[in-house]
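Novice: generate a structure from the sequence data that follows.
(2 chains)
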Amino acid sequence: MSGKSLIYFDNAATSYPKPPQVVEAAMRAFSECGGNPGRSSHLLSRNAAQAVFECREAVCELLGTNSPENVVFTQNTTHALNLAIKGIVKPGSHVLVSNLEHNSVIRPLHAMGQNSVNYSFFDATGNGDEYVVKSFENGIRKSTTTAVITLASNTCGRILPIERIAQICKAKGIALIVDGAQALGETPVNFGDLGADIICAPGHKGLLGPTGTGFLVVAQNSKYQTKIETLIQGGNGVNSSLFSMPDELPERLESGTLNTVGIAGLAAGINYVKKVGVKNIFEKNAHLYKRLCDGLGNIHGVSLYGNNDDSLHVPVALFNIGKFSSDQVAAMLDEQGFCVRSGLHCAPMAHRAFGTSGSGAVRASLGFENTERQVDKFLYAVNKISESSN
Amino acid sequence: MNRTVIVLSSVTYALKAQKVLMANGVSSLLEKLSAEQTKKGCGYGLKIDNRNLDNALAILRKERIRVVKTLDSA
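Specialist: Next up is the predicted model:
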């Protein structure tokens, strides 16, 4: 670590800093929950199981659901999406995804092409929710069984009209998996109101937990509570004399030892977010985001992508500066202590839609700890870089 | 023989059941069960006083928490 003062605008990759409560909870778990959860009869194992269960409950409370057994812990969102997609998509079916999707959606589907799974994209970059809903409807085929859609884009922060899309899915018998990677903790989400079958999310972004944590949640009364095929099989402390995996969640999808320390930290992160209030976080970030985008939009030579629509956004801004590549800009900002991310952000179709698939773009993603002054310092730095581009 | 073990399908369901029972004034003890007890290998259950058993089973039924079986406990 250098002593240089950092301004962290890379919260869409992982949030920083974590609240002290998260660090304390993780440290406490090392000493008090050192056993393997759900495996043994001794105190440390029971403590670990209790810590894991309390995190399942925290997730439920956050999402307004009441089924902790439907919360499956994973390493990250990518892991959760793989479990969900490969667990429910059958050979021969068609899957509809938006062009704002992350490779954690596109790559599993691409790999499943070997099993006769087809997928196609609908455009989610046009103006307004109505456009997106129509675009989704137009993309549905007779063979469409599943839709996988991000709740908020990791490139431009746009929030998609999932509730309206879910109604269409329900009417047509299409399963809906939602990628909540950029949304949970950033914008209020009630899973029941959302209408999706499964939501996948990280613990380490808006929920402020440690890296190496994520989860999927299956909707209450969804047929996928028992119909998800397993991607990984192994021990989980349930029915050990049987060679087949148990039918019931969450253990059906949780083979191997869970990340108790990370999960305990995640529970503390969720509780922190709930205490502050997701609505408060959204409103504060919306204010900072507007300041950032307005500022970027006013700097000569800056091109801003994906925020010129009427939709709501989580605080993720995508831009380029003049003749510089996104990597060059990120490096220049890094020299001045700003942490941003350049490139394609694992979302190649989104960059194609924005016309930035060549060298990508610079992403500045805000978090709850960021301030107006940091945004202003950032805009000043961008302005200087832009001037040097002329 | 004044206690019974309510066998649940996993530690997650056992902890959920324990919380539900606690909220209804019924205390219980989380127990890891032996392979002999479950017949399917490892599992978890809640040890409970027999005088609370009927009430506990009714609460779990109402909350739609599946009870795998009950076992006598010393």
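Novice: okay, and the beta partners of residue A:96?
Specialist: Listed beta-bridge partners, residue A:96: residue A:120, residue A:147 (assigned using DSSP bridges).
Novice: distance check, it against chain B.
Specialist: Using CB to the nearest CB, to the nearest Å, we find residue A:96 at a distance of 33 Å from chain B. The way it works is simple: take the backbone N, C-alpha and C, and place the C-beta from them, glycine included.
Novice: would you agree that residue is in contact with residue A:137?
Specialist: No: taking CB atoms under 8 Å as the contact criterion, residue A:96 and residue A:137 are not neighbours in contact, 9.9 Å apart.
Novice: neighbour count winner among the two?
Specialist: Using other CB atoms under 10 Å in any protein chain shown, the more surrounded residue of residue A:96 and residue A:137 is residue A:96, with 24 against 14.
Novice: gap between that one and residue A:150?
Specialist: Going from residue A:96 to residue A:150 by CB to CB, to the nearest Å gives 13 Å.
Novice: quick one: the helices in the chain?
Specialist: Looking at chain A here, since you left the chain open. Using DSSP state H, the helices of chain A run over residues A:20-32, A:43-63, A:77-88, A:103-111, A:129-139, A:162-172, A:191-194, A:224-227, A:260-276, A:278-297, A:326-335, A:348-354, A:372-389.
Novice: let's do chain B instead
Specialist: Secondary structure of chain B (DSSP H): helices located at B:11-23, B:35-38, B:53-62.
Novice: of all those, which lies closest to chain A?
Specialist: Set against chain A and scored by CB to the nearest CB, the helices of chain B come closest in helix B:11-23, at 3.9 Å.
Novice: and that closest one, what does it pack against?
Specialist: In this structure, helix B:11-23 makes packing contacts with helix A:43-63, strand B:3-8, strand B:29-33, strand B:43-49, helix B:53-62, judged by 3 or more CB pairs under 8 Å, 6 or more residues apart in numbering or on different chains; DSSP states H and E.
Novice: let's have these in JSON lines, adding mean pLDDT.
Specialist: Conversion of the helices and strands packed on helix B:11-23 to JSON lines gives the following (pLDDT from 0 to 100):
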{"stretch": "helix A:43-63", "mean pLDDT": "97"}
{"stretch": "strand B:3-8", "mean pLDDT": "96"}
{"stretch": "strand B:29-33", "mean pLDDT": "94"}
{"stretch": "strand B:43-49", "mean pLDDT": "94"}
{"stretch": "helix B:53-62", "mean pLDDT": "98"}
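Novice: quick check: which of these is nearest to residue A:171?
Specialist: Of all the helices and strands packed on helix B:11-23, it is helix A:43-63 that lies closest to residue A:171, at 23.3 Å by CB to CB.
Novice: now the angle from that closest one to helix B:11-23?
Specialist: Interaxial angle of helix A:43-63 relative to helix B:11-23 (axes from the mean of the first three to the mean of the last three CA atoms, to 10 degrees): 80 degrees.
Novice: now do the phi/psi pair for residue A:257.
Specialist: With angles defined as degrees, to the nearest 10, residue A:257 shows backbone torsions of phi -70, psi 130.
Novice: ok, how many other residues are close to residue A:335?
Specialist: One way to gauge burial is a neighbour count; for residue A:335, by other CB under 10 Å, it gives 10.
Novice: ok, it to chain B distance?
Specialist: 49 Å.
Novice: what do you get for residue A:63?
Specialist: In this structure, residue A:63 lies at 16 Å from chain B, with CB to the nearest CB as the measure.
Novice: any idea how many residues pack against the residue nearest to that residue when sequence neighbours are not counted?
Specialist: Setting aside the residues directly before and after it, residue A:63 is nearest to residue A:191 in space (CB to CB, 6 or more residues apart in numbering or on different chains), at 4.0 Å. Residue A:191 is surrounded by 23 other residues when neighbours are defined as other CB under 10 Å.
Novice: ok, now which ones touch the residue nearest to residue B:22 when sequence neighbours are not counted?
Specialist: The spatial neighbour of residue B:22 that comes closest, neighbours along the chain excluded (CB to CB, 6+ apart), is residue B:28 at 7.6 Å. With contacts defined as CB atoms under 8 Å, 6 or more residues apart in numbering or on different chains, the neighbours of residue B:28 are B:6, B:17, B:18, B:21, B:22, B:46, B:47, B:48, B:56.
Novice: I'm done for today, thanks for sticking with me.
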